[in-house]
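**Q** structure, please.
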Amino acid sequence: MRDKVELEDKILEMQRNEITESHIYSKLAERIQEEQNKKVLERLANEESSHYKRLREFTEKDTKPNRMKVFFYLLIIRIMGFTFGLKLMEKGEKLAQKKYGDMLIKLPEVKEIISDEKDHEEELLRILDEERLKYVGSMVLGLSDALVELTGTLAGLTFSLRNTSLVALSGIITGISASLSMAGSEYLSTKSEGGKNPVKAAIITGSTYVLAVFFLILPYFLFKSYTVSFTFTLIFALLLVVFFTFYISVAQEIDFKRRFLEMFFIIISVSAITFIIGLLVRIFLNLEV
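**A** A predicted model of the protein is given here:
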């Protein structure tokens with residue numbers, strides 16, 4: 001009897017997930033202007049509604065959508081884009097289904113229903129076309145270059161000048177000039193390749209670079225100690241890498257761990273090399289500030 005109740009609770013939980021996702025897809029379809037994406041989202045909403053109805057055949061009970069979950073994902077989608085939000089939602093559902101696994105062995109029909117229809121949903125998600133994903137390469141270029149170049153520059157300046165005000169000033173000048181240079185390079189590169197708007201690509205690259213510059217230099221305005229400032233710069237750089245790598249790994253379905261370790265290793269290596277250069281410059285030039 002207890003096993004039967006537990007099994008019913010699991011299926012009811014799945015029911016609630018399905019009707020919740022159906023609401024999310026429906027609300028999102030109402031906001032989307034692009035016709036192809038609207039149709040895909042409407043089909044996804046119908047798929048989830050179909051899941052709900054088929055699961056209800058086993059429980060013979062109704063469930064209401066999780067309003068907090070609907071609000072959360074619609075907020076994420078508004079901020080991060082619908083492709084990221086929907087794929088993050090699907091990842092969460094896959095994790096939840098693993099939790100149901102042992103219980104669903106007792107009711108294989110349900111497991112087969114969900115498995116078959118999830119394959120269909122994944123195919124539909126791949127059809128979604130979001131403009132911002134076309135410019136991910138521009139964002140990657142701006143962020144990665146800023147993280148590697150400016151973190152390395154700040155490492156060298158920090159341990160050669162040992163003055164937070166001078167490091168901040170030098171960092172701002174370097175960062176702004178580098179962001180303009182990167183934006184110009186991206187414009188020319190995109191224009192020669194075609195397929196994307198070169199002005200938009202340049203703006204995205206430059207603005208992403210400037211955003212990274214802001215976070216990396218911020219500690220030098222907050223702390224007087226140059227060692228504390230650089231420590232927080234490394235922490236902010238790490239957080240930016242984690243955030244952006246997670247975004248890319250979800251939106252483009254790539255391996256998070258591999259991309260993160262690759263970026264982290266490059267930043268640390270460049271920072272270490274420029275740190276040594278900064279010390280050598282200070283020693284051989286007998287620089288005192």
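
**Q** when you work out contacts or count neighbours from here on, use the C-alpha atoms and nothing else.
**A** Noted.

**Q** check whether the nearest residue to residue 216 once chain neighbours are set aside sits in a helix, strand or coil.
**A** Residue nearest to residue 216 in three dimensions, not counting chain neighbours: residue 233, with 5.0 Å by CA to CA, 6 or more residues apart in numbering. Of the three states, residue 233 takes helix according to DSSP: H, G, I helix; E, B strand; the rest coil.

**Q** count of residues packed around residue 233?
**A** The burial metric for residue 233, expressed as a neighbour count using other CA atoms under 10 Å, is 22.

**Q** for it, give its distance to residue 270.
**A** In this view, residue 233 and residue 270 are 14 Å apart by CA to CA, to the nearest Å.

**Q** swap in residue 13?
**A** With CA to CA as the criterion, residue 13 and residue 270 are 49 Å apart.

**Q** start to end distance for stretch 55-67?
**A** Note: stretch 55-67 ends 20 Å apart using CA to CA.

**Q** show me which residues of it are buried.
**A** When neighbours are counted by 16 or more other CA atoms under 10 Å, the buried residues of stretch 55-67 are found to be 55-56, 63, 65.

**Q** among those, which one sits closest to residue 40?
**A** Residue 40 lies nearest to residue 65 out of these, by CA to CA, at 21.0 Å.

**Q** SS state for the closest one?
**A** In the three-state summary, residue 65 is assigned as coil, counting by three-state DSSP.

**Q** nearest residue to the middle of the chain?
**A** Taking CA atoms, centre = their mean as the criterion, residue 247 is the residue nearest the geometric centre of the chain, at 1.4 Å.

**Q** so what's it up against?
**A** Contacts for residue 247 (CA atoms under 8 Å, 6 or more residues apart in numbering) come out as residue 84.

**Q** helix, strand, or coil at it?
**A** Under the three-state scheme (three-state DSSP), residue 247 adopts helix.

**Q** how much space separates it from residue 91?
**A** 13 Å.

**Q** now residue 45: closest residue in space, sequence neighbours ignored.
**A** The shortest distance from residue 45 to any residue that is not its chain neighbour, by CA to CA, 6+ apart, is 4.3 Å, and that residue is residue 22.

**Q** what residue spans form the domains of the chain?
**A** 2-129, 133-284 (automatic domain parsing).

**Q** the protein: helices as residue ranges?
**A** Remark: helices assigned in the chain by DSSP state H are 2-31, 35-59, 67-80, 82-104, 108-127, 131-134, 136-161, 164-193, 198-222, 226-251, 256-284.

**Q** could you give the average pLDDT over the shortest one?
**A** Meaning helix 131-134. The average of the pLDDT scores along helix 131-134 is 64.

**Q** mind checking pLDDT for residue 215?
**A** According to the model's per-residue confidence, residue 215 sits at a pLDDT of 90.

**Q** how about residue 110?
**A** Note for residue 110: predicted pLDDT of 66.

**Q** please work out which of the domains of the chain is packed deepest.
**A** Between those, domain 133-284 has the highest mean count of neighbours, a mean of 19, where neighbours are mean count of other CA atoms under 10 Å.
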